[in-house]
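S.K.: Build me a model from this:
(2 chains)
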2 protein chains.
Amino acid sequence: MERIVSKQNTKIKELKKLNTNKGRKKKQQYLLESWHLVQEAINNLPQEQIITIFTTDDQYLKHGSELKNFEVILISEEIAAEIADTSTTQGIFAVCKIFDTSLEKNEYQGAWLLLDDVQDPGNIGTMVRTADAAGFTGVVFGEGTSSQYNSKVLRSMQGSQFHIKLVKEKIENVINQLKTNEVPVYGTELNPEAINYEMVKPADNFALIMGNEGNGMDKKLLSETTENLYIPIKGHAESLNVAVAAAVIMFRIKK
Amino acid sequence: MERIVSKQNTKIKELKKLNTNKGRKKKQQYLLESWHLVQEAINNLPQEQIITIFTTDDQYLKHGSELKNFEVILISEEIAAEIADTSTTQGIFAVCKIFDTSLEKNEYQGAWLLLDDVQDPGNIGTMVRTADAAGFTGVVFGEGTSSQYNSKVLRSMQGSQFHIKLVKEKIENVINQLKTNEVPVYGTELNPEAINYEMVKPADNFALIMGNEGNGMDKKLLSETTENLYIPIKGHAESLNVAVAAAVIMFRIKK
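M.R.: Below is the predicted model:
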């Protein structure tokens, strides 16, 4: 089994590039960190999508039996700390292939969360995790929304990317297709004249759109939805965090 | 009006100490950053709690008329960047007195969020903001919970600290007092045998306890509540983010 002991090793240098958008785009690969995520990848991804596992001796001793079908490279604790995007790392990583899927004709049903120009990776990851917990079918990453392969997004999804479908599509196209299939599409806005979200009857088939943290949803998209929803603010807060608003609505309107 | 042009100025050095827990504790002061928060402080705090406003010329030109009743010190853009806890700063700060309040006998009513050993400042700030939006009376910062004066907590509360009551109390004492006043206290746990949160009839008087991100609520506290609530997970996510779980329950059970 290969063992790398120098930070100057070409493979390590290449690996570190996967911590940037540019590096991921160029190589069409991304990096998963922590045993929890590596294990979820092993259990859920097609084997050919997992290219290499990098692990410290310590992690290999613990999990080696589950790594038999993969190329494994041993690394020192020091190199693990060098690769890691977090300040404390367990020392196990998987290099995986970027595999962006789009929506097939027969997938325009179920409960979908559509992200329109959402910026903050922590918010995005939290929304994917919440959509999973609320029983959603999947999440659409629209234009302007941070990538699902961003390391902070990966981390805050906590494995939910392996439980529900994540697709990259133009939100406008998804709205049109859903409406053709008679699936209601709900926009969200900070406008008391929109419909109170509590008025929506819980259902299994619908889409909910969440917009940009600062500017809210795109005006044009708001005009193309079936209805737009509003969460009444009872106190003096000016708005809710986008991931909080998404959670409140998702748990309320998903049957 | 005093103007400071050197980063080495003693006042600036002292000010920077307020970005640490130790510094805040020693001086019993904290630092608010951004016009939004400074303005909320001016509108909501007793005047004697606002000690000094530090502002760039640019911000003073915009907001000087609202700063008449306070000691104002002008600073350069460079010094503002030095003081700031964020990478982009507007350039206006207020040094305020730490003023921890406890609960008076007649305040054990209304809707309260109790934080038991919650660690992440972003989560705490988001929960305070959500509690404000959901019409809660206040938030109790229990033992082990990060301080309301932590700069990340201050930032993520987005001014909600001026809209609802924030107190520092031992959660156990608060539970006992609430129960004496016949206010129901709901714990939260990841246990399907607890009560589904949707079964709670929306009300105006109750307390909801949220626990530590990793370990959940303290076992002893769980045994002292009126009931413990559970959010059914429909997908495969193992849990919800604590601020998300708090939001889902708060918006559901507050009348």
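S.K.: residues from the stretch 1-150 of chain A in reach of chain B?
M.R.: Residues of the stretch 1-150 of chain A found near chain B (Cβ under 8 Å from any Cβ of the partner chain) are A:122, A:126, A:129-136. Every residue, glycine included, has its C-beta placed from N, CA and C.
S.K.: Tell me the confidence at the most centrally placed residue in chain A?
M.R.: The centroid of chain A falls nearest to A:Q148 when counting by Cα atoms, centre = their mean (4.4 Å). Looking at A:Q148, its pLDDT stands at 96.
S.K.: What segments of the stretch 101-250 of chain A are strands?
M.R.: Along the stretch 101-250 of chain A, counting by DSSP state E, counting those that start in this stretch, strands occupy A:111-115, A:138-141, A:165-168, A:185-188, A:195-196, A:206-210, A:227-230.
S.K.: Tell me the spacing between A:I231 and chain B.
M.R.: As judged by Cβ to the nearest Cβ, to the nearest Å, A:I231 and chain B stand 7 Å apart.
S.K.: right, and the pair among the residues of the stretch 1-150 of chain A next to chain B with maximum separation?
M.R.: A:G122 and A:G135 (22.4 Å; Cβ to Cβ).
S.K.: quick one: which of the two has more around it?
M.R.: Each of A:G122 and A:G135 has its neighbours counted (other Cβ atoms under 10 Å in any protein chain shown); A:G135 has more, 20 against 16.
S.K.: So that one versus A:A203, what's the distance?
M.R.: 12 Å (Cβ to Cβ, to the nearest Å).
S.K.: A:N106 now?
M.R.: Applying Cβ to Cβ to A:N106 and A:A203 gives a distance of 19 Å.
S.K.: These two: which has the busier surroundings?
M.R.: A:A203 (12 against 7).
S.K.: got the contact list for the closest residue in space to the more buried one that isn't next to it in sequence?
M.R.: Excluding its sequence neighbours, the residue lying closest to A:A203 (Cβ to Cβ, 6 or more residues apart in numbering or on different chains) is A:K255, at 5.5 Å. Neighbour list for A:K255: A:202-204 [criterion: Cβ atoms under 8 Å, 6 or more residues apart in numbering or on different chains].
S.K.: returning to what we had before: contacting residues around the residue nearest to the centre of chain A?
M.R.: Residues counted as contacts of A:Q148 (Cβ under 8 Å, 6+ apart) are A:124, A:128, A:141, A:154, A:157, A:161, A:166, A:168.
S.K.: mind redoing it with 6 Å?
M.R.: A:141, A:166 (Cβ atoms under 6 Å, 6 or more residues apart in numbering or on different chains).
S.K.: Next: the one 10 residues further on.
M.R.: With contacts defined as Cβ under 6 Å, 6+ apart, A:Q158 is in contact with A:R129.
S.K.: do that again at 10 Å, thanks
M.R.: A:34, A:36-37, A:40, A:125-126, A:128-129, A:132, B:237-239, B:241 (Cβ atoms under 10 Å, 6 or more residues apart in numbering or on different chains).
S.K.: Save those residues as a markdown table, and put in distance to A:H63, pLDDT and neighbour count too.
M.R.: Listed next are the contacts of A:Q158 as a markdown table, based on distance: Cβ to Cβ, whole Å; pLDDT from 0 to 100; neighbours: other Cβ atoms under 10 Å in any protein chain shown:
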| residue | distance to A:H63 | pLDDT | neighbour count |
| --- | --- | --- | --- |
| A:S34 | 11 | 96 | 21 |
| A:H36 | 11 | 96 | 14 |
| A:L37 | 12 | 96 | 23 |
| A:E40 | 13 | 96 | 21 |
| A:G125 | 24 | 98 | 24 |
| A:T126 | 27 | 98 | 27 |
| A:V128 | 25 | 98 | 30 |
| A:R129 | 23 | 98 | 27 |
| A:D132 | 24 | 98 | 27 |
| B:A237 | 22 | 94 | 22 |
| B:E238 | 18 | 91 | 14 |
| B:S239 | 22 | 93 | 16 |
| B:N241 | 26 | 97 | 26 |
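S.K.: B:G64: which of those is nearest?
M.R.: Nearest to B:G64 among the contacts of A:Q158, with distances taken as Cβ to Cβ, is A:T126, at 39.8 Å.
S.K.: quick one on the thing from earlier: quick one: the strands of the stretch 101-250 of chain A as a markdown table, columns for distance to B:G211, mean neighbour count and mean pLDDT too.
M.R.: A markdown table is the format used below for those (distance: least, Cβ to Cβ, whole Å; neighbours: other Cβ atoms under 10 Å in any protein chain shown; pLDDT from 0 to 100):
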| stretch | distance to B:G211 | mean neighbour count | mean pLDDT |
| --- | --- | --- | --- |
| strand A:111-115 | 27 | 26 | 98 |
| strand A:138-141 | 28 | 24 | 98 |
| strand A:165-168 | 30 | 18 | 96 |
| strand A:185-188 | 29 | 24 | 98 |
| strand A:195-196 | 31 | 12 | 97 |
| strand A:206-210 | 27 | 26 | 98 |
| strand A:227-230 | 30 | 19 | 97 |
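S.K.: For the stretch 51-200 of chain A, which residue gets nearest to chain B?
M.R.: A:G135 (3.0 Å; Cβ to the nearest Cβ).
S.K.: Helices along the stretch 101-250 of chain A, start to end?
M.R.: With DSSP state H, counting those that start in this stretch as the criterion, the stretch 101-250 of chain A has helices at A:121-133, A:151-157, A:171-180, A:219-222, A:242-253.
S.K.: Isn't A:R24 up against A:S151?
M.R.: Yes. Look at A:R24 against A:S151 with Cβ atoms under 10 Å: they come within range, at 9.0 Å.
S.K.: can you list residues touching both of those two?
M.R.: Common neighbours of A:R24 and A:S151 (Cβ under 10 Å, 6+ apart) are A:18, A:30-31.
S.K.: got the domain boundaries for chain A?
M.R.: A:3-97, A:105-253 (automatic domain parsing).
S.K.: Mind checking those for the one nearest to B:A246?
M.R.: Of all those, domain A:105-253 comes closest under Cβ to Cβ, at 8.6 Å.
S.K.: Tell me the span between the first and last residue of that closest one.
M.R.: 24 Å (Cα to Cα, to the nearest Å).
S.K.: May I see the contacts of A:Q158 organised as a markdown table, with distance to A:Y197 added?
M.R.: Converted to a markdown table, those look like this (distance: Cβ to Cβ, whole Å):
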| residue | distance to A:Y197 |
| --- | --- |
| A:S34 | 35 |
| A:H36 | 33 |
| A:L37 | 32 |
| A:E40 | 31 |
| A:G125 | 23 |
| A:T126 | 19 |
| A:V128 | 20 |
| A:R129 | 20 |
| A:D132 | 20 |
| B:A237 | 21 |
| B:E238 | 26 |
| B:S239 | 24 |
| B:N241 | 20 |
